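[1] how does the following fold in three dimensions:
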Amino acid sequence: MKRLEIPDIEFTEVVDKIVEGITGDDALADKVLQERRGLLTANDNYHAVGRTAELYSIPAVRDAENLPVIGELSKGDLIKLYKNYFAKKAKPAKAIYNQLMVAAKDECVFCGGIGRPRNLDHYLPKASFPQYSVIPVNLVPSCRDCNMDGKGEVYATAAHEQVLHPYLDHNRFYDEQWIEATCSFDNAGIGVTEYNVSPPLHWAEEDKRRVQKHFEAFDIGRAYSREAASRMTIYAQQIRQLLGLGIAEGEAKNAILAPPIENAPFINHWERVMCLALTYYQFEL
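    Now for the predicted structure:
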């Protein structure tokens, strides 16, 4: 939902910080140093495949914890690197973890900033893709709902199953509107906004299916509707007050709705989409 800039972090620095933090396990530190080139290659491959939206094509690692994945580094080793020496407090690499978290500006990128990130989610789950466990562009600041309920350990095995990648996906997903809304009011004047996926007609079918997948996986419709409920009612009341003063409907709508539309943080933001829908609603006094 929200674009993140590719982290300005050299992966060599990540590896160095992890090795620096490994204490009491000389064998693991030696293996990381020995397989340094393999780790760097894994990082380069992830970037290359991610930019073409083909991460789904990477086979999952189904081997036991102690079988090698990158040279002598096993699945268990690679997961341990993240848990014990990257994400753990007081370890040198924790500073990189924190840098990735801060970049989201306290807004979950999967659900459009509704949730607040609590940890880094592995876009390709570390349990199935341990070779990418400490690669920065595989680590996405995520709220608990999106991390646990939206994605969890699920991963795509086909192109259209991929949720949006905030670092590497094409700009079209972030610069073009693909969420729309309809507005209505109950008998008490309480507003209800229903959101749906409506990608541009010129998009490839695969891209249309991807945004639908993302919308459903993270329950965007429900989350957006919840956020919109009170704000929509307030805006409607303000518009009706202006109408009662004899102001033309078009001018009243523009006065109330133009600022949130023009100042929205991103094009598919819940408030912007809601306000666009309200511009088409016919108000009655």
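
[2] select the longest helix from this structure.
    helix 220-244 (DSSP state H).

[3] now find how far off-centre that one is within its chain.
    Relative to its parent chain, helix 220-244 has a centroid offset of 26 Å by C-alpha atoms, centre = their mean, to the nearest Å.

[4] buried residues in the helix or strand that comes right after that helix, which are they?
    Per DSSP states H and E, the first helix or strand lying C-terminal to helix 220-244 is helix 249-262. The neighbour-count check on helix 249-262 (16 or more other C-beta atoms under 10 Å) flags 252-253, 256-257, 260-261 as buried. All C-beta spots, glycine's among them, are computed from the backbone N, C-alpha and C.

[5] so where's the chain uncertain?
    149-152, 285 (pLDDT under 70).

[6] which elements pack onto the longest helix of the chain?
    Contacts defined by 3 or more C-beta pairs under 8 Å, 6 or more residues apart in numbering; DSSP states H and E place helix 220-244 against strand 179-185, strand 191-197, helix 249-262, helix 270-278.

[7] so where do the strands sit in the chain?
    Ranges of strands within the chain are 68-70, 73-74, 119-122, 139-142, 179-185, 191-197, based on DSSP state E.

[8] partners of the third one in the sheet?
    Based on DSSP bridges, the pairing partners of strand 119-122 within the sheet are strand 139-142 (antiparallel).

[9] what sits up against the partner strand?
    Contact partners of strand 139-142, identified using C-beta atoms under 8 Å, 6 or more residues apart in numbering, comprise 4, 97, 100-101, 103-104, 108-110, 115, 117-123, 151, 166-167.

[10] in the stretch 51-200 of the chain, which spans are helices?
    Secondary structure of the stretch 51-200 of the chain by DSSP state H, counting those that start in this stretch: the helices cover 75-85, 94-102, 144, 172-175.

[11] among these, which comes closest to residue 222?
    Residue 222 sits nearest to helix 144 of all the helices of the stretch 51-200 of the chain, at 15.6 Å, using C-beta to C-beta.

[12] grab the nearest non-local neighbour of the residue nearest to the spatial centre of the chain.
    The residue lying closest to the centre of the chain (C-alpha atoms, centre = their mean) is residue 110, at 2.7 Å. Nearest residue to residue 110, sequence neighbours excluded (C-beta to C-beta, 6 or more residues apart in numbering): residue 146, at 4.0 Å.

[13] and for residue 75?
    Closest to residue 75 by C-beta to C-beta, 6+ apart is residue 130, at 4.6 Å.

[14] for residue 117, list the residues it contacts.
    With C-beta under 8 Å, 6+ apart, residue 117 has these contacts: 101, 104, 106-108, 141-143.

[15] now the buried members of those residues.
    101, 104, 107-108, 141-143.

[16] save those as CSV, and put in distance to residue 72 too.
    Putting the buried ones among the contacts of residue 117 into CSV (distance: C-beta to C-beta, whole Å) gives the following:
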residue, distance to residue 72
101, 31
104, 35
107, 40
108, 37
141, 32
142, 31
143, 36
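
[17] these two touch, right, residue 56 and residue 154?
    No - applying C-beta atoms under 8 Å as the test, residue 56 and residue 154 come out as separate, 11.8 Å apart.

[18] looking at these two, which has the bigger crowd around it?
    Neighbours were counted for residue 56 and for residue 154 using other C-beta atoms under 10 Å; residue 56 has more, 15 against 12.
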